[in-house]
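Colleague: here you go, sequence then predicted model.
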Amino acid sequence: MTLVELLNIWPGAPLLSAFFWITITVFMLYLARTPAHRSIYSLSRVIHNGLRLLARSTRMAAEGVRTRNRDVLFNLGKESTERIIEREFQRVDDVIQRDLSSYPMLQRSMADQIVRMDEDYQKSAELPPPVPAWVDAITALGKISSKDASVAAILEQIHKTINSQHKGVLDEYRRVSSDRHGILNKMMPLWRRLTETLEQASKRFTGLNERAQVIDHRIQEYQEIQAQSDKAERMLTSSAATQFFIAGFVLMIATGGAIINFNLIALPMSEMVGGGSYIGAFKTSDVAALVIILVELAMGLYLMESLRITRLFPIIGQMDDRTRRRMIWITFTILFIMAGVEASLAFMRDRLAADMQALRQSLADVEVVATANNWIPTVGQMVMGFILPFALAFVAIPLESFVHAARTVLGGVFAALLNALAFVFRLTGNVARYGGELGVNLYDLAIFPSLWIERLVLEKRRPPEETEPAEPGPMAEETS
């Protein structure tokens, strides 16, 4: 007997049997109405509270990541600003050593020139001619009457004598004035030299003043970072994002250069280590070429660390100067040798390509055509093979910027993802909370005939003045 036959109580009347079972089901659901409501409310509260706790934990984790990322950001900004300030002070020291170290000599030269100019000025001073002693005598003679002929002759002689002496005094005065003008003319080179010296000193002090202004600006930035202000945080975040994208772009360019370098030496390496051997699923020649490129990158990284351009390995920067200089020469020598090896491999590659072309023509039973001895591609490949290792050595600079900036940028992205996840958890919890009320309403909608009958019975038994109490919802249950 099938299930349909078992449920069909009245054969030949399937609608009546279906109505019977629907009535029984609605009645059973009506009897289980209160436990069902409680179960739905309990399930919605469990889901809501669990997701709410999960959202709170996620939000706290995001806040922890943000706080830690903020500390790392300020530490990196502080270190970078300290390096910039240190470099500015070194530039100031260079300016002082180069320009102001000769200031005592400059001051002495200026003092000597000023003394000489003062002496010449004293020599060129205009002195009035001395008053002759016979002026008083002439004044007395002027009071004598000139009616007497002898007196008139004496006065005439005195007049001639005075004119003669006046002419001599005037000539002497002109000669002395000419000498003074000559002295002043000789002072002109001293004036020009002193002016040039003052302009030179002014330029030196102007450059020092500019460096001082830059240091003041950097000190203000450092103080902002020390105070961990919002302005400093926005500035450092923007700078980190810019460095992240720029350094990533440069690293992509370096990756392209490494790929070209790999293809340049992979073919001749197959002749050195054997083209038929494999290390796992990779050819030994490809692995050897990759190892050469990685060694070049490592040597370039060590060289930049030894030169204190980058600071990825603090232990290298902490070495004494003598050991560090030795390391500079060792890494540069190894890098130079690797560049020479790549140049020779590039030369071998051109010869191997020509031999392989001749072999293909001979195997195809085609007349072998002698290739033109063109040295331009060979020289170009050798130059590329020699330059690319040194170019890849500078990858350490954008790599350091990318690593430091990635810590900040990825930390911010991770914190944003955690905040978004917390929002999703909270939203899902609220949906589950109100979904429980929706489930209760749908449950009552399924058994509405029983509820309608119950309402009619209660209205008949209830006195007219009584009002129907409101059914508590999930909000009231949670409050209670």
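Modeller: Looks like it arrived, so ask away. The model shown is predicted, which means the values in this text are computed figures rather than measured ones. Numbering: from 1, shown residues only.
Colleague: what's around the closest residue to residue 304 other than its chain neighbours, how many residues?
Modeller: In space, and not counting its chain neighbours, residue 304 is closest to residue 396: 4.0 Å by Cβ to Cβ, 6 or more residues apart in numbering. The C-beta positions use only the backbone N, C-alpha and C, and glycine is treated the same way. Neighbour count for residue 396, taken as other Cβ atoms under 10 Å: 21.
Colleague: contacting residues for residue 396?
Modeller: Listed by Cβ atoms under 8 Å, 6 or more residues apart in numbering, the contact set of residue 396 reads 300, 301, 303, 304, 305, 309, 310, 312.
Colleague: and the residues you listed, which are buried?
Modeller: Neighbour counting by 16 or more other Cβ atoms under 10 Å classes 300, 301, 303, 304, 305, 310 among those as buried.
Colleague: restricted to helices, list these.
Modeller: Counted as lying in helices by DSSP state H, out of the buried ones among the contacts of residue 396, are 300, 301, 303, 304, 305.
Colleague: ok, then the element right after the helix or strand residue 260 falls within?
Modeller: Taking DSSP states H and E as the definition, residue 260 sits inside helix 230-273. Going down the chain from helix 230-273, the next helix or strand is strand 278-279, by DSSP H and E.
Colleague: what pairs with the helix or strand that that following strand is followed by, parallel or antiparallel?
Modeller: Following strand 278-279 in sequence order, the next helix or strand is strand 282-283 (DSSP H and E). Strand pairing for strand 282-283, determined by DSSP bridges: strand 278-279 (antiparallel).
Colleague: contact partners for residue 66?
Modeller: Residue 66 neighbours (Cβ under 8 Å, 6+ apart): 411, 412, 415.
Colleague: out of these, who has the most neighbours?
Modeller: residue 415 (20 neighbours).
Colleague: show the pLDDT at that one.
Modeller: With respect to pLDDT, residue 415 has a value of 89.
Colleague: list the residues that contact it.
Modeller: Neighbouring residues of residue 415 by Cβ under 8 Å, 6+ apart: 62, 63, 65, 66, 69.
Colleague: one more time with 7 Å
Modeller: If a contact means Cβ atoms under 7 Å, 6 or more residues apart in numbering, then residue 415 has 62, 65, 66, 69 as its contacts.
Colleague: which of the helices or strands spans it?
Modeller: helix 396-446.
Colleague: how big is the angle separating that helix from helix 230-273?
Modeller: Interaxial angle, helix 396-446 versus helix 230-273 (axes from the mean of the first three to the mean of the last three Cα atoms, to 10 degrees): 110 degrees.
Colleague: and after helix 396-446, which helix or strand comes next?
Modeller: helix 448-461.
Colleague: quick one: residues contacting residue 40.
Modeller: 436, 439, 440, 443.
Colleague: tell me, how many residues neighbour residue 212?
Modeller: 13.
Colleague: what helix or strand is it on?
Modeller: Going by DSSP H and E, residue 212 is part of helix 149-227.
Colleague: before we move on, the earlier item: ok, so of the contacts of residue 396, who is nearest residue 27?
Modeller: Residue 27 lies nearest to residue 312 out of the contacts of residue 396, by Cβ to Cβ, at 77.6 Å.
Colleague: residues near the nearest residue to that closest one once chain neighbours are set aside, how many?
Modeller: Distances taken as Cβ to Cβ, 6+ apart place residue 400 nearest to residue 312, at 5.5 Å, with adjacent residues excluded. Number of residues near residue 400 (other Cβ under 10 Å) recorded here: 19.
Colleague: again, but for residue 345
Modeller: Residues lying near residue 345 (other Cβ under 10 Å) number 23.
Colleague: before we move on, what about the one 4 residues further on?
Modeller: Neighbour count for residue 349, taken as other Cβ under 10 Å: 22.
Colleague: and for residue 458?
Modeller: 11.
Colleague: sorry, back to before: what's the distance between the residue nearest to residue 304 and residue 45?
Modeller: 57 Å (Cβ to Cβ, to the nearest Å).
Colleague: could you do residue 449 as well?
Modeller: Using Cβ to Cβ, we find residue 449 at a distance of 29 Å from residue 45.
Colleague: among these two, which residue is more densely surrounded?
Modeller: Neighbour count, other Cβ under 10 Å: between residue 449 and residue 45, residue 45 has more, with 17 against 13.
Colleague: secondary structure element for the more buried one?
Modeller: In this structure, residue 45 is located in helix 33-95 according to DSSP H and E.
Colleague: go on, residue 312?
Modeller: Per DSSP H and E, there is no helix or strand for residue 312.
Colleague: ok, it touching residue 306?
Modeller: No - counting by Cβ atoms under 7 Å, residue 312 stays clear of residue 306, with 11.7 Å between them.
Colleague: residues contacting residue 26?
Modeller: 447, 449, 450.
Colleague: count of residues packed around the first one?
Modeller: A total of 20 residues lie near residue 447 under the criterion other Cβ under 10 Å.
Colleague: surely it meets residue 29?
Modeller: Yes - look at residue 447 against residue 29 with Cβ under 7 Å: they come within range, at 4.7 Å.
Colleague: returning to that earlier point: in a markdown table: the contacts of residue 40, plus distance to residue 340.
Modeller: Shown next, in a markdown table, are those (distance: Cβ to Cβ, whole Å):
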| residue | distance to residue 340 |
| --- | --- |
| 436 | 77 |
| 439 | 78 |
| 440 | 83 |
| 443 | 84 |
